[in-house]
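1. Need coordinates for the following:
(2 chains)
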Amino acid sequence: MEAGGTRLPLPFWAGGPAPGELYSLTCPSAAGPGLESHAGGGGPLTRPSENPMVTGTSVLGVKFDGGVVIAADMLGSYGSLARFRNISRIMKVNDNTVLGASGDYADFQYLKQVIDQMIIDEELLGDGHSYSPKAIHSWLTRAMYSRRSKMNPLWNTVVIGGFYNGESFLGYVDMLGVAYEDPTLATGYGAYLAQPLMREVLEKKPILTKDEARDLIERCMKILYYRDARSFNRYELAIVTEKGVEVEGPLSVETNWDIAHLIRGFE
Amino acid sequence: MAVEFDGGVVVGSDSRVSAGEAVVNRVFDKLAPLHERIYCALSGSAADAQAIADMVHYQLELHSLDMDEAPLVLAAASLVKGVSYKYKEELSAHLMVAGWDRKKGGQVYGTLGGMLTRHPFAIGGSGSSYIYGYVDAAYKPRMTPEECRQFTKNAIALAMSRDGSSGGVIYLVTITKSGAVEQVFLGDEIPKFYDE
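-> Modelled structure (predicted):
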């Protein structure tokens, strides 16, 4: 055990906090491609964690027999204002992977740009290989964690769904780099409202058909539209099977407000 | 929102009560009767608004028994103003008072911050920020009751579509000499506008 001193950080930790040393929030090294962040001008101008501006709410994901389905509404909120009501928060990564993001929309667009370029570069290699959903998930986990370690996160929670080599994949990564896989996933408010519903259905029937998965998602989107004050009744659905990726939208949920007729005053 | 017409008023509201991002009640009736022909529209803190409405409802009932006649809308508005002003620092609610009485017919009063002001029409609540332009452009003096209802529904629908803290159904009350008629508009009955 050394007593502090001028131990240089190992390359893996380059650009991040040096153990035992005082860590300043200026990002010293701007090396590396991809998701590495850079200080605006350096010096006293630090680049701390941002505040999200235009944000997306929940993303839902469910595995079924032969694929996965992901859903996200088409709203970009500016605080409580429903500012952009027709934006897509789902992206097709390649023929066997889709990605849905909640959180800051600008960060999602940046992520999309980076991933799209990665896919192009890989295509250019011409070796017949394509990124598996697991690979994308793993890469994204490292990338998001790296950004958070530089105190400059991509303010998103991402759901990655795919179907590769006969197996469904559904993974979650958030802005802290927390990552896991599960047969059902939900970000944001969906985690509180939709996840219990989804888990209840899967407990009774662990393997769903495509239509059952779809119905479950629709039910959850309806509940979210009722109970999430930052949701909107227009959403997209992305279904990945061995046949490829199908993005459906815009769809709307059927709402039922009949109970309003039973209300008179508040007493 | 409340709009005055010759012979009465139309009062309307949405039905969402939220706690941050959670919708706690999606069918809450924000139009509370203070008396037979006087309603108030609640906004802000639900608890504070209900407390004020309950207090004024009681005070008005007593007042109308004392006077042995229907209370004036101005009386109801003054009572609301009294409470809102006295407890200005503690309360976080805005009640709009509207109704019909024998003396002045249809009237709309705002009590924001403990003031008392009369208006041909008034809007309030978080969603109102987004419709100031619309109501200023669409309002015409001397509208018929049906036009007032449509104006109110349109304005509230637009606000519901943009404000995260507004939504659900539209409750409408039309108050005239003959009494108060309550209506609810849900789903497809709510006016639709550009929403992309």
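2. Find the residue at the geometric middle of chain B.
-> B:Ala41 (2.9 Å; CA atoms, centre = their mean).
3. so B:Leu42 sits in a strand?
-> Yes: under DSSP: H, G, I helix; E, B strand; the rest coil, B:Leu42 falls within a strand.
4. residue contacts, the nearest residue to it once chain neighbours are set aside?
-> Of all residues not flanking B:Leu42 in the chain, B:Ala49 sits nearest, at 3.7 Å (CB to CB, 6 or more residues apart in numbering or on different chains). C-beta here means a position set from N, CA and C on the backbone, and glycine is covered the same way. For B:Ala49, the contacting residues are B:30, B:42-43, B:93-95, by CB atoms under 8 Å, 6 or more residues apart in numbering or on different chains.
5. try 10 Å
-> Neighbouring residues of B:Ala49 by CB atoms under 10 Å, 6 or more residues apart in numbering or on different chains: A:266, B:30, B:32, B:40-43, B:91-95.
6. Same question for B:Phe151.
-> So B:Phe151 contacts B:1, B:3, B:5, B:10, B:12, B:121, B:134-135, B:138-140, B:143 (CB under 10 Å, 6+ apart).
7. What segments of the stretch 51-200 of chain A are strands?
-> Ranges of strands in the stretch 51-200 of chain A, per DSSP state E, counting those that start in this stretch, are A:54-56, A:59-64, A:67-73, A:76-78, A:81-84, A:90-94, A:97-104, A:156-164, A:167-173, A:179-181, A:184-186.
8. Turn the ones you listed into a markdown table, columns for mean neighbour count and mean pLDDT.
-> As requested, these are arranged in a markdown table below (neighbours: other CB atoms under 10 Å in any protein chain shown; pLDDT from 0 to 100):
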| stretch | mean neighbour count | mean pLDDT |
| --- | --- | --- |
| strand A:54-56 | 25 | 95 |
| strand A:59-64 | 26 | 98 |
| strand A:67-73 | 27 | 98 |
| strand A:76-78 | 20 | 94 |
| strand A:81-84 | 18 | 93 |
| strand A:90-94 | 21 | 97 |
| strand A:97-104 | 26 | 97 |
| strand A:156-164 | 27 | 97 |
| strand A:167-173 | 22 | 98 |
| strand A:179-181 | 15 | 98 |
| strand A:184-186 | 26 | 97 |
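9. Identify whichever of these lies nearest to chain B.
-> Each of these was scored for nearness to chain B using CB to the nearest CB, and the closest is strand A:81-84 (5.0 Å).
10. Going along the chain, name the helices of chain B.
-> B:46-67, B:73-86, B:132-138, B:145-162 (DSSP state H).
11. Next, format these as TSV and append mean pLDDT.
-> As requested, those are exported to TSV (pLDDT from 0 to 100):
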stretch	mean pLDDT
helix B:46-67	96
helix B:73-86	95
helix B:132-138	96
helix B:145-162	97
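12. need those in JSON lines with distance to A:Ala143, can you?
-> Formatted as JSON lines, the helices of chain B follow (distance: least, CB to CB, whole Å):
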{"stretch": "helix B:46-67", "distance to A:Ala143": "43"}
{"stretch": "helix B:73-86", "distance to A:Ala143": "53"}
{"stretch": "helix B:132-138", "distance to A:Ala143": "43"}
{"stretch": "helix B:145-162", "distance to A:Ala143": "35"}
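13. how about the CA coordinates for the helix or strand harbouring A:Val247, as PDB?
-> Assigned by DSSP states H and E, A:Val247 belongs to strand A:244-251. Taking Å, rounded to 0.1, in the frame of the first residue of the first chain, the C-alpha atoms of strand A:244-251 are listed here in PDB:
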ATOM      1  CA  GLY A 244     -35.700  -9.000 -39.300                       C
ATOM      2  CA  VAL A 245     -36.800  -5.700 -37.800                       C
ATOM      3  CA  GLU A 246     -40.300  -4.200 -38.200                       C
ATOM      4  CA  VAL A 247     -41.000  -0.700 -36.800                       C
ATOM      5  CA  GLU A 248     -44.700   0.000 -36.600                       C
ATOM      6  CA  GLY A 249     -46.200   3.400 -35.900                       C
ATOM      7  CA  PRO A 250     -47.600   5.700 -35.100                       C
ATOM      8  CA  LEU A 251     -50.100   3.700 -33.100                       C
END
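14. Give me the sheet partners of it and which way each runs.
-> With DSSP bridges as the test, strand A:244-251 is paired with strand A:235-241 (antiparallel).
15. distance between the partner strand and the chain's centre?
-> From the chain centre to the centre of strand A:235-241 is a distance of 14 Å (CA atoms, centre = their mean, to the nearest Å).
16. Can you lay out the contacts of B:Ala49 as CSV showing pLDDT and distance to A:Leu154?
-> Putting those into CSV (pLDDT from 0 to 100; distance: CB to CB, whole Å) gives the following:
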residue, pLDDT, distance to A:Leu154
A:Phe266, 79, 44
B:Lys30, 96, 40
B:Ala32, 96, 46
B:Cys40, 96, 47
B:Ala41, 97, 43
B:Leu42, 96, 41
B:Ser43, 95, 37
B:Leu91, 93, 42
B:Ser92, 93, 36
B:Ala93, 94, 40
B:His94, 94, 40
B:Leu95, 96, 44
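17. what mean pLDDT would you report for the strand holding A:Val247?
-> Summarised as a single mean, pLDDT over strand A:244-251 is 95.
18. Repeat that for stretch B:169-189.
-> 96.
19. What distance separates the opening and closing residues of it?
-> The first and last residues of stretch B:169-189 sit 9 Å apart, counting by CA to CA, to the nearest Å.
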